[in-house]
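Asker: sequence and predicted model, in that order:
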Amino acid sequence: MLSKAVVKSRPTVLWCYKDKLELSSHRKKRAKQIKKLMQRGLLDPEKVDPFQLFVETGGLTYCMYKDSERILGNTFGMCILQDFEALTPNLLARTMETVEGGGLIVLLLHSLSSLTSLYTMVMDVHERFRTESHAKAAGRFNERFLLSLASCKACVVMDDELNILPISSHIRSISRVPVQEDSEGLSEVERDLKNLKEELQDDLPVGPLIKKCCTLDQGKAVITFLDAILDKTLCGTVALLASRGRGKSAALGLAVAGAVAAKYSNIFVTAPTPENLKTLFEFICKGLNALEFKEQSDYDVVRSVNPDLKKAIVRININKDHRQTIQYIQPHEHEKLSQAELLVIDEAAAIPLPVVKSLLGTYLVFLSSTVNGYEGTGRSLSLKLLQQLEERSQMPGKHVESSLSGIT
């Protein structure tokens, strides 16, 4: 249904579970056979079970709840949450916020006589609160969670035959949101973005990179980054603040590609784990391709050999005009930045504030952070660090510049 509703490639799917994925090894073998049939064009969808076809051709990413921190910074079209009893508010926020706008979040529940039985369901997290004096933990979260779903206009509760249950009767009265469009079917913001792309199309390296932007705010952020790069003072901090899913990592990736075009040689990127930088590296490569760099001949992508990191990109070597590198480092490895010209810190709110401060130095720093949602709940970054950077930039005699740019 989601594939038919969106006009783009098949949505990616995240499947989260507690400890046992309800898929047998036989299905894994069958998946290889179906992929071979699809490649040969011999697959008949009418003869294959729809669920089996979805599991084996849907581009699923599987993740255990205990490893859910690794998916921060990634974006999926659909999220499936198995094992309801293992969920906590932290897990819900961490997984649901990875779903893009217009995507689907599916909670899988075992057969229930009624939804009210979820109120008294024993959750795994209750075990840690049981003591000799309090043998029974009162579960208040389930009731609040279900009541919030009942009042949510974007929530549908269905049975296994896709019948809408009475608790979601409000879904029948959904109406389309009116959008003001011009004669070409563009909104005011889309028109401004188109004009910006046309205005800068002949400027290098800005023009090709702006064409990759999806929103006006993203385009303005890329221009701000490129202004700092082309200034070549190799000093200062540019901070990008935005809500979850606004394209911060994509804007940073395009800006890094612009830094490569501006002859920056030593570029470092950091985040809690390399897997958090999937989107950043993806748009670095897209930006390089837009600037007519060719993979393998002009640049090489190096992936991690650590099986826990699932072949995440950790380095890009560029050899077009001279040797340039884009290298991932752990947040605590600030001693490796002695030769740095540009440092990119993605999801800085997920890194302890003292560690972020230790990363700042006499080189250009691009810093992005989520200001709300799960990743942005810690306000120390916005209340302390960015405030200090602004005050330092306004002090006379200081050669450290700080400019703030936010996507709203």
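Answerer: Nice, I can see it.
Asker: what sits against residue 286?
Answerer: For residue 286, the contact set (C-beta atoms under 8 Å, 6 or more residues apart in numbering) comprises 212, 253-254, 257. Just so you know, the C-beta spots here come from the backbone N, C-alpha and C atoms, and that holds for glycine as well.
Asker: and residue 95, by the same measure?
Answerer: Here residue 95 is in contact with 14, 16, 68, 71, 79, 81 (C-beta under 8 Å, 6+ apart).
Asker: now it: how far from residue 88?
Answerer: Here the distance between residue 95 and residue 88 works out to 11 Å (C-beta to C-beta, to the nearest Å).
Asker: where does the prediction get shaky in the stretch 101-250 of the chain?
Answerer: Scanning the stretch 101-250 of the chain for pLDDT under 70 picks out 111-115, 126, 128-130, 134-135, 137-138.
Asker: quick one: the strands in it?
Answerer: Counting by DSSP state E, counting those that start in this stretch, the stretch 101-250 of the chain has strands at residues 236-242.
Asker: in this protein, which spans are helices?
Answerer: Along the chain, counting by DSSP state H, helices occupy 2-5, 25-40, 50-57, 89-96, 141-150, 188-199, 206-210, 216-231, 248-261, 278-290, 353-359, 380, 386-394.
Asker: next, format those helices as CSV and append distance to residue 339.
Answerer: Listed next are the helices of the chain as CSV, based on distance: least, C-beta to C-beta, whole Å:
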stretch, distance to residue 339
helix 2-5, 47
helix 25-40, 45
helix 50-57, 46
helix 89-96, 36
helix 141-150, 50
helix 188-199, 35
helix 206-210, 25
helix 216-231, 17
helix 248-261, 15
helix 278-290, 20
helix 353-359, 15
helix 380, 29
helix 386-394, 23
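Asker: quick one, which of those helices gets closest to residue 237.
Answerer: Across the helices of the chain, residue 237 has its closest neighbour in helix 386-394 (5.4 Å, C-beta to C-beta).
Asker: which other helices and strands contact that closest one?
Answerer: Applying 3 or more C-beta pairs under 8 Å, 6 or more residues apart in numbering; DSSP states H and E, one finds that helix 386-394 makes contact with strand 236-242, strand 402-406.
Asker: tell me the angle it makes with strand 236-242.
Answerer: Using axes from the mean of the first three to the mean of the last three C-alpha atoms, to 10 degrees, the inter-axis angle of helix 386-394 relative to strand 236-242 is 140 degrees.
Asker: deepest of the helices of the chain, which one?
Answerer: Of all these, helix 248-261 carries the top mean neighbour count, a mean of 27, counting by mean count of other C-beta atoms under 10 Å.
Asker: and residue 23, what pLDDT?
Answerer: Here, the pLDDT recorded for residue 23 equals 59.
Asker: give me the number of residues near residue 101?
Answerer: Using other C-beta atoms under 10 Å, residue 101 has 7 other residues around it.
Asker: how much space between the nearest residue to it once chain neighbours are set aside and residue 191?
Answerer: Leaving aside its chain neighbours, residue 101 sits nearest to residue 245 (6.6 Å; criterion: C-beta to C-beta, 6 or more residues apart in numbering). Distance check for residue 245 against residue 191: by C-beta to C-beta, it reads 23 Å.
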